[in-house]
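Colleague: what follows is a predicted protein model with its sequence.
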Amino acid sequence: MEKFVAVTDQNNAPNTKTIFLAKTAIDLCDSHLWFSVVKKPYKSRFTRVQRLSCCLSVLFTTMITNAMFYQVGPSSDGNSTTTVGPITFNLRQVVIGVQSSLMVFPVNLLLIGLFRSGGQNPSTISKCNRFVVLLVDIDAQRMKFCRNLE
């Protein structure tokens with residue numbers, strides 16, 4: 001395999017902003033699970049249906065774990081609450097958030113990993129399509145030959 005790399009001079013070299021925006025757009029379309037449902041990379045084995053299934057899995061497992069921890073633990077006094085801007089929370093809420101994350105993310109990361117590593121390679125699909133077309137052509141030629149014999 002040969003690869004050609006174009007040589008550029010200082011005047012024609014892309015600037016950092018252009019490279020950053022291009023890399024961000026590519027990563028956002030491929031790496032971000034929710035955005036990649038709409039804008040899937042062209043040569044990806046991870047289909048839109050699989051991506052949508054993973055999004056729904058994240059949503060539903062988060063809802064289930066939040067329902068599991070709903071009104072768990074003693075009610076807090078006003079002593080241990082922390083206020084950051086308009087948000088007020090206590091230590092128990094933070095612990096429940098961490099526990100929920102530790103339950104939700106491993107399951108969903110495993111599911112995403114299985115979908116990303118599985119499936120057929122696009123070149124394999126095109127080879128399969130060529131083979132099917134070849135079989136159909138052979139079958140059509142056989143049928144013509146049989147008609148000529150009659």
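Modeller: Great, that's in hand.
Colleague: mind listing the strands for the protein?
Modeller: Under the criterion DSSP state E, the chain carries strands at the ranges 81-84, 87-90.
Colleague: any idea which of the ones you listed is most buried?
Modeller: With neighbours defined as mean count of other Cβ atoms under 10 Å, the strands of the chain peak in mean count at strand 87-90, which reaches a mean of 12. Glycine gets a C-beta too; all of them are placed from N, C-alpha and C.
Colleague: partner strands of it, with direction?
Modeller: Here strand 87-90 has these sheet partners by DSSP bridges: strand 81-84 (antiparallel).
Colleague: quick check: mean pLDDT of the partner strand?
Modeller: The pLDDT scores in strand 81-84 average 85.
Colleague: in a markdown table, list the strands of the chain along with distance to residue 49.
Modeller: Shown next, in a markdown table, are the strands of the chain (distance: least, Cβ to Cβ, whole Å):
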| stretch | distance to residue 49 |
| --- | --- |
| strand 81-84 | 40 |
| strand 87-90 | 37 |
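Colleague: which stretch among those comes nearest residue 32?
Modeller: The closest of the strands of the chain to residue 32 is strand 87-90. By Cβ to Cβ, the value is 24.8 Å.
Colleague: and the strands of the chain: which comes nearest residue 59?
Modeller: Comparing the strands of the chain by Cβ to Cβ, strand 87-90 comes nearest, at 22.4 Å.
Colleague: so where do the helices sit in this protein?
Modeller: Remark: helices assigned in the chain by DSSP state H are 16-31, 35-38, 48-68, 91-117, 122-149.
Colleague: okay, now stretch 31-47: how far is its last residue from its first?
Modeller: Chord length of stretch 31-47, first to last residue, is 13 Å (Cα to Cα, to the nearest Å).
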